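Engineer: one predicted model, sequence on top.
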Amino acid sequence: MAKSPFSLEGKTAIVTGGGTGIGRSIAIEFARAGADVALCSRKLEHLEPVAKEITNLGRRTFAVGVDVRQEEQVKGIVERAVSEWGRLDIMVNNAGASFRAKPEEISINGWNTVIGINLNGVFLGCKWAGKQMMQQKTGGVIVNIASVAGVYGSTMMSHYGAAKSGVIMLTRELGVAWGRKGVRVNCIAPGPVETEGYLDVLKQAGPDGKKTYDAVAARVGMGRWGKVHEIAYPCIFLASDASSWMTGETIVIDGGPSPRESDEAQT
């Protein structure tokens, strides 16, 4: 039987921010699809349970504490993956962080931190993975995780929206620059997804958190928040041969436009 174009069998991958949320789901689903997966995050303790699960799936893995804002650390995990596995086939730049604040209340340190993790970190991941992939005869695939905040904006997270918008344009630029060099670069922009961190914040807010959760769900066309695996599965598509004629593109996965938006479009 011919191998499925969605298979990642025999591929090697790095997932940044792979210890929790969307990154954790991507790493595990990649392993289920056949890939060996290296994990990195600022908190090594978050990675260890994920590494164990990947090992239990019969795939190779290792976990490294990495601050994606530090170029030598990003370069180091790429070099280790190549040293241990001979090449790097897939790079997923998922690590991200933010906080809610009015634009006029964001300090320069807060701004630089969010831009540093969400945009500079993606650039560094692309840079070092891309350099390695261009040296390989087999090329490679880079998948960047942005956000709908980078498409539509976010009044309470303008720094985050600006960073994610930058990720979307960086993806476009690299898709053009590297498309003929064997490296495909694509992006996913998720809408509201139920991650551990976001749900914990809402729980701490008590009744107000439940109101916020319900209000966000009401603005989604499908009437609910997304699940982490609903981002991981499209990520497999972008990482696999199933998307072999795609580069420089961003896929918005947000549950669809709200009923109100659809009604307004018809008037």
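Structural biologist: Looks like it came in fine.
Engineer: and the end-to-end length of stretch 227-247?
Structural biologist: 25 Å (Cα to Cα, to the nearest Å).
Engineer: which other residues reach that stretch?
Structural biologist: Stretch 227-247 is contacted from outside by 5-8, 11, 13, 21-22, 24-26, 28-30, 33, 35, 90, 92, 141, 143, 145, 175, 178-179, 184-186, 188, 190, 193-195, 251, 253, using Cβ atoms under 8 Å, 6 or more residues apart in numbering. For every residue, glycine as well, the C-beta is placed using N, CA and C.
Engineer: which parts of that stretch are buried?
Structural biologist: Residues 228, 230-232, 234-240, 243, 246-247 are the ones in stretch 227-247 that count as buried (16 or more other Cβ atoms under 10 Å).
Engineer: likewise for stretch 9-28?
Structural biologist: 11-28.
Engineer: any stretches of the stretch 101-250 of the chain with poor pLDDT?
Structural biologist: Scanning the stretch 101-250 of the chain for pLDDT under 70 picks out 201.
Engineer: the same query, at a cut-off of 90, please.
Structural biologist: 137, 155, 196-210, 212 (pLDDT under 90).
Engineer: please enumerate the helices of it.
Structural biologist: 108-115, 121-135, 149-152, 158-178, 196-204, 207-218, 229-239 (DSSP state H, counting those that start in this stretch).
Engineer: just checking, next helix/strand downstream of the last one?
Structural biologist: Put plainly, it is helix 229-239. Sequence-wise, the next helix or strand downstream of helix 229-239 (DSSP states H and E) is strand 250-253.
Engineer: neighbouring strands of that following strand in the sheet, and parallel or not?
Structural biologist: strand 183-190 (parallel) (DSSP bridges).
Engineer: which residues does the partner strand contact?
Structural biologist: Contacts for strand 183-190 (Cβ under 8 Å, 6+ apart): 22, 126, 130, 133-134, 139-148, 150-151, 164, 167-168, 171, 174-175, 178, 226, 231, 234-235, 238, 243-244, 246-254.
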